[in-house]
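# how does the following fold in three dimensions:
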Amino acid sequence: MVEDAGRGYRRVVASPRPLRIVETPQIRTLFDAGYVVIISTGVDQVAIHYRRSDQRILDRLTVSEARAHLDSGEFLPGSMGPKIEAAIMFLERGGGEVLITSPYRLAEAVAGRTGTRIVPDSPR
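Predicted coordinates for the structure are as follows:
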């Protein structure tokens, strides 16, 4: 049992880093057919100081900003942490942008009205 960001306690299981994506053939088939493959989450946008009086919603952040918040403990391992780690890894390997949002707000997020966008650091 772990404390869940001010929402009480919940039962958790280990969430190790995946070794491979089991659905790779299906994802490849969809991608090759012209579909954009999306994995969404349970929140509309990423926040720091989550569920505190000074909570701040993040509309956009760079890889460096995301890493700084992750390193400072803003994104917990059993919650937003793995999503932020995956976003950083994707962008450091050449990805152009990550959009984090809920399935219910996906159309609005794609249109730029909600969601959190994580982007590569600007070239120096």
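# quick one: residue 61 and residue 70, what's the gap?
Using CB to CB, to the nearest Å, residue 61 is found at 11 Å from residue 70. In short, each C-beta sits where N, CA and C put it, glycine included.
# that should have said residue 33, apologies.
Going from residue 33 to residue 70 by CB to CB gives 34 Å.
# more crowded one of these two?
Using other CB atoms under 10 Å, the more surrounded residue of residue 33 and residue 70 is residue 70, with 18 against 7.
# so who does that one touch?
81, 84, 85, 88 (CB atoms under 8 Å, 6 or more residues apart in numbering).
# tell me which stretches of this protein form strands.
With strands called from DSSP state E, the chain shows them at 2-3, 9-10, 46-48, 56-58, 60-62, 98-100, 116-119.
# can you list the residues that contact the last one?
Under the criterion CB under 8 Å, 6+ apart, residues 45-46, 57-63, 66, 84, 87-88, 91, 96-101 lie in contact with strand 116-119.
# same question for that strand, mean pLDDT?
Taken as a whole, strand 116-119 has a mean pLDDT of 96.
# ok, stretch 46-66 next?
On average, stretch 46-66 scores 95.
# do the same with stretch 78-91
89.
# need the residue closest to the centroid of the chain.
When CA atoms, centre = their mean is applied to the chain, the residue found nearest the centroid is residue 83 (3.6 Å).
# residues touching the nearest residue to residue 48 once chain neighbours are set aside, list them.
In space, and not counting its chain neighbours, residue 48 is closest to residue 74: 4.7 Å by CB to CB, 6 or more residues apart in numbering. Going by CB under 8 Å, 6+ apart, residue 74 touches 48, 49, 50, 80.
# that older thread, I figured the residue nearest to the centre of the chain hits residue 41, correct?
Yes: counting by CB atoms under 8 Å, residue 83 touches residue 41, with 6.0 Å between them.
# now the common contact residues for these two.
With CB under 8 Å, 6+ apart, residue 83 and residue 41 have common neighbours residue 100.
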